[in-house]
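# Fold the following, please.
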Amino acid sequence: LIDEEHEQARVLLALLVSIIFLSLEIWVQPFRRIADNWLAHVSNLALVLVYLAILVFKVCDGDSEACDEFGFSAEGIFSFFVLFGMSLLLLHVLFALAYLMFKGATTTPALCVVSTKSPPVLGRPKEVRFHLFVSHVWKTGQDQTHTLVRQLQRMLPGIHIWLDVVNLESIGKLEEAVADAAVVLCFLSSGYFASRNCRREIYAALGNNKPIVGVIEADKDKGGATVQELRDEYRRSAANAPDIPATEDVLARIFEQEPVLWLRGHDYQVVSLKEIALRVLKHLPYYISNPSELDRGLKLKGELSSFRFPRL
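Purely as a prediction, here's the structure:
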């Protein structure tokens, strides 16, 4: 677009484009993880500074008087930018190392099947797009389910999970969304059964004969409730709702298996996540045909398995 005779104009255009791109990147925040966004910001800021340095060199090379007017002496400008460039490079390297250390300390390793020592087979039924639909009430379950989904996606790379804040197009399409998943996870917290939309999701799961995995928040300070309190809450809420399945039939399906207790603290939470993942996998096509492969459970890569000494 700009010929070689106008080198300063070319550098100036590159600088302007870099500044605009950096501004848009800061505004949009394109990556989900904060660390990834910061790494991109630092990289693009370095590019802006490089173009700025090149522009100053071009100006000083073409007009030394203009360079002096801007406060740069011809003798010291090269040393200045060499020192500045080395400092910027060192800062970039330190940031990258800190990011890698942070990533290594916080990222949960992927799961593998103990019996096969390989990653789980995540094939889903052909008629659905999602492995898992997550049902929760915003008031007392939103933060927990967001953590749950993020961690499951790290532990089971390739799993497709439906979550309202990401996938919901219209509140009127909840039933369609439930039908489009292989398994339904109900995050049971105070107010869950009082929510009309949560009950819609449950009825859709029952109507489509979807497997249900229950996860319960037991911490009262975090919106938790006991199983009995949740049962009573559903009975009160369902009493005023016509044309629904029998109350005790609904409760029998939801609590057919004891809900997984949602735990906090990294090591304890991993236990909850492994149990949730195991229950989801049991309802996927491959493990319906090969259930014995999951008999020994799941483990994180690098995690020690249980060992039994042989009898003498």
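
# can you list the weak-confidence ranges in the stretch 1-150 of the chain?
Applying pLDDT under 70 to the stretch 1-150 of the chain flags residues 1-6, 32-35, 59, 61-109.

# now the helices for it?
Shown for the stretch 1-150 of the chain, the helices assigned by DSSP state H, counting those that start in this stretch span residues 7-28, 34-62, 64-69, 77-106, 138-155.

# same thing with the stretch 201-312 of the chain?
Listed in chain order, the helices of the stretch 201-312 of the chain (DSSP H, counting those that start in this stretch) span 227-238, 247-254, 266-281, 285-289.

# closest to Ile171 out of the ones you listed?
Closest to Ile171 of these is helix 227-238 (Cβ to Cβ; 18.3 Å). C-beta: built from backbone N, CA, C; applies to glycine.

# Summarise which helices and strands that closest one is packed against.
helix 247-254 (3 or more Cβ pairs under 8 Å, 6 or more residues apart in numbering; DSSP states H and E).

# which parts of the helix it packs on are buried?
Neighbour-count burial for helix 247-254, with 16 or more other Cβ atoms under 10 Å as criterion, is recorded at Val250, Leu251, Arg253, Ile254.

# what's the farthest-apart pair in these?
Leu251 and Arg253 (7.4 Å).

# first vs last residue of stretch 171-180, how far apart are they?
Using Cα to Cα, to the nearest Å, the end-to-end distance of stretch 171-180 comes to 15 Å.

# still on that earlier bit, let's have the buried residues of helix 247-254 in JSON lines, adding distance to Ser190 and pLDDT.
Shown next, in JSON lines, are the buried residues of helix 247-254 (distance: Cβ to Cβ, whole Å; pLDDT from 0 to 100):
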{"residue": "Val250", "distance to Ser190": "18", "pLDDT": "93"}
{"residue": "Leu251", "distance to Ser190": "16", "pLDDT": "94"}
{"residue": "Arg253", "distance to Ser190": "21", "pLDDT": "94"}
{"residue": "Ile254", "distance to Ser190": "15", "pLDDT": "94"}
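
# Take the helices of the stretch 201-312 of the chain and lay them out in CSV including distance to Gln151.
Formatted as CSV, those follow (distance: least, Cβ to Cβ, whole Å):
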stretch, distance to Gln151
helix 227-238, 23
helix 247-254, 23
helix 266-281, 5
helix 285-289, 21
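
# and of those helices, who's closest to Ala194?
helix 227-238 (5.0 Å).

# Pull out the buried residues from the closest one.
Val227, Leu230, Arg231, Glu233, Tyr234, Ser237, Ala238.

# Now do the same contact list for the spatially most central residue of the chain.
Central residue check for the chain by Cα atoms, centre = their mean: the C-alpha nearest the mean position is that of Arg150, 3.2 Å away. With contact set as Cβ atoms under 8 Å, 6 or more residues apart in numbering, Arg150 has no partners.

# How about the secondary structure of Val183?
When classified by DSSP: H, G, I helix; E, B strand; the rest coil, Val183 comes out as strand.

# wait, what's in contact with it?
If you count contacts by Cβ under 8 Å, 6+ apart, then Val183 has His131, Leu132, Phe133, Lys210, Pro211, Ile212, Val213, Val280, His283, Leu284 around it.

# How much space separates the second one from Arg296?
As judged by Cβ to Cβ, to the nearest Å, Leu132 and Arg296 stand 23 Å apart.

# more neighbours, the two?
More neighbours surround Leu132 than the other of Leu132 and Arg296, with 25 against 13 (other Cβ atoms under 10 Å).

# hang on, the more buried one packs against Ile161?
Yes: if you go by Cβ atoms under 8 Å, Leu132 and Ile161 touch, sitting 4.7 Å apart.

# got any residues that touch both of these two?
Leu152.

# Number of residues surrounding the residue nearest to Pro157 when sequence neighbours are not counted?
Nearest non-adjacent residue to Pro157, counting by Cβ to Cβ, 6 or more residues apart in numbering: Ala110, 5.7 Å away. Applying other Cβ under 10 Å, we find 15 residues neighbouring Ala110.

# OK, contacts around Ala110?
By Cβ under 8 Å, 6+ apart, the contact set of Ala110 is Pro119, Arg154, Met155, Leu156, Pro157, Leu300, Lys301.

# among those, which are in strands?
In this view, these that belong to strands under DSSP state E are Leu300.

# would you turn the contacts of Ala110 into a markdown table with distance to Ala205?
Formatted as a markdown table, the contacts of Ala110 follow (distance: Cβ to Cβ, whole Å):
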| residue | distance to Ala205 |
| --- | --- |
| Pro119 | 27 |
| Arg154 | 26 |
| Met155 | 23 |
| Leu156 | 21 |
| Pro157 | 26 |
| Leu300 | 29 |
| Lys301 | 32 |
